[in-house]
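**Q** The following block contains a protein sequence and its predicted model.
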Protein chains: 2
Amino acid sequence: MAPIFLGTHDVKLDSKGRVSIPAPFRPLLSRQGFDGAVLFPSYKVDGAIEGCGMDFLNQLVDSVNSYELFSDAQEDFSATLFASSHQLAWDANGRVVLPEILIQAAGLTEKAVFVGNGKMFRIFEPKRYAAWQAERVQALKANPRPLPLGKPAAETTGGAS
Amino acid sequence: MAPIFLGTHDVKLDSKGRVSIPAPFRPLLSRQGFDGAVLFPSYKVDGAIEGCGMDFLNQLVDSVNSYELFSDAQEDFSATLFASSHQLAWDANGRVVLPEILIQAAGLTEKAVFVGNGKMFRIFEPKRYAAWQAERVQALKANPRPLPLGKPAAETTGGAS
DNA sequence: TGGGATCATGTGGGATATCATGGGTTCAGA
DNA sequence: TCTGAACCCATGATATCCCACATGATCCCA
């Protein structure tokens, strides 16, 4: 069963660059032999960090590998996914040290917010997250979308972004 | 589970032609009886060095050998892959000595950057890498690729380069 | 239903081990 | 005899690991 990341969790970012992985996320991320997460800058949402477990990353890798080795498509994912990803083990207290490049990418200072996103999660600077979320709510109000159950949702065309 | 090379790691190239293999890469490359990596000039990306472990090289060998012996494809791969590969053991500090021909191929001087690429990794001269990565990011923005999970992605044709 | 106890989680801090870098020595081969 | 490969040592910085404490959530009992 694929894990599902839910909820919004406020955490502190300390002077050593450490954050606590929210306790509900940890069992979803653990796998035998490795307690940690994979983080990379989102290319979909500016100012966000995407997070997932190694199992999900392996699914991504399998998907990328369905492109032939040395193909153009594989090149693009190399530059955006593998090269910018960080595999971080958490310590005995469930904390990871965020690389400076991710702290910069998300504009983090003293706090961060972990946001469940179903199969993955995101990490935002709290103020940026509030603004981003407000935009999403407005977008949904301006362009309401039904959510069919049991069958794939068709992407509606014509909308920007 | 196949190893996955992630992240971007800046290293020094010293006057003896030595570089440190980034510590996270070393367990992925180690195999019983041999601590080292296989490096060869990339035929796909000018100015890059491709790197992998012996296990992955064996997969490449099997793949190449699936072409008929003495066929043009097999000749091409043999000329670019086997003939120009270097198997380098690292020392007690995790360093290898880069052959001059690879240093020239990548245009390295004082620094290098190791870039994770899933099953393999690449070594670039930092400025060349920055330019190459900017191209890739632009290509992805101009020609966004979804990354479906669980089923093979069809290579789209007609794209430039 | 309320209060108390216990346990889990998050935060702060420090110590230690590892890693990256710089350098030197020795030996073998040309 | 010289050069280069292989091996080894030292040091500083950083990553990793571990401890302690406070707070809040949860559970149990009256």
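**A** Okay, I see it.
**Q** what helix or strand is the spatially most central residue of chain A on?
**A** Compute the mean C-alpha point of chain A, and by C-alpha atoms, centre = their mean the closest residue is residue A:50, 2.0 Å away. Using DSSP states H and E, residue A:50 maps to strand A:49-52.
**Q** That strand - contacts with which helices or strands?
**A** In terms of contacts (3 or more C-beta pairs under 8 Å, 6 or more residues apart in numbering or on different chains; DSSP states H and E), strand A:49-52 is packed against strand A:36-41, helix A:100-106, strand A:120-124. The C-beta positions use only the backbone N, C-alpha and C, and glycine is treated the same way.
**Q** For the first one, give the mean pLDDT please.
**A** Yep, that's strand A:36-41 we're talking about. If you average the pLDDT over strand A:36-41, you get 94.
**Q** Could you check that strand against chain B for contacts?
**A** Yes: for a cut-off given as C-beta under 8 Å from any C-beta of the partner chain, strand A:36-41 has contacts with chain B, namely residue A:38.
**Q** outside of the lengthiest helix in chain A, which residues touch it?
**A** Identified as the longest helix of chain A according to DSSP state H is helix A:126-142. With contacts defined as C-beta atoms under 8 Å, 6 or more residues apart in numbering or on different chains, helix A:126-142 is touched by A:10, A:45, A:47, A:48, A:106, A:107, A:111, A:112, A:113, A:115, A:124.
**Q** Quick check: closest non-adjacent residue to residue A:26.
**A** residue A:94 (5.8 Å; C-beta to C-beta, 6 or more residues apart in numbering or on different chains).
**Q** Provide the partner residues of residue A:116 in its beta bridges.
**A** residue A:121 (DSSP bridges).
**Q** Distance of it relative to residue A:51?
**A** In this view, residue A:116 and residue A:51 are 10 Å apart by C-beta to C-beta, to the nearest Å.
**Q** go on, residue A:127?
**A** In terms of C-beta to C-beta, residue A:127 sits 19 Å off from residue A:51.
**Q** hmm, the strand holding residue A:50 touching DNA strand C?
**A** No: figure legend: strand A:49-52 not in contact with DNA strand C (C-beta under 7 Å from any atom of the strand); closest approach 14.6 Å.
**Q** how far is that strand from where the chain is centred?
**A** Between the centre of strand A:49-52 and the centre of its chain there are 2 Å (C-alpha atoms, centre = their mean, to the nearest Å).
**Q** what residues does that strand touch?
**A** Under C-beta under 8 Å, 6+ apart, the answer for strand A:49-52 is A:29, A:37-42, A:44, A:60, A:102, A:105-106, A:114, A:119-124.
**Q** Let me see the mean pLDDT of that strand.
**A** Strand A:49-52 comes out at a mean pLDDT of 94.
**Q** near DNA strand C, from the contacts of helix A:126-142?
**A** Contacts with DNA strand C within those, counted by C-beta under 7 Å from any atom of the strand: residue A:10.
**Q** Now residue A:103: closest residue in space that isn't a chain neighbour?
**A** residue A:17 (6.3 Å).
**Q** quick one, what contacts the one you found?
**A** Per C-beta under 8 Å, 6+ apart, neighbours of residue A:17: A:97, A:98, A:99, A:100, A:103.
**Q** Between those residues, identify the one with the most neighbours.
**A** Among the contacts of residue A:17, residue A:98 has the most neighbours (other C-beta atoms under 10 Å in any protein chain shown), with 23 neighbours.
**Q** Show me which residues of chain A are close to DNA strand C?
**A** Checking chain A against DNA strand C by C-beta under 7 Å from any atom of the strand, the hits are A:9-12, A:14-16, A:19-23, A:93-95.
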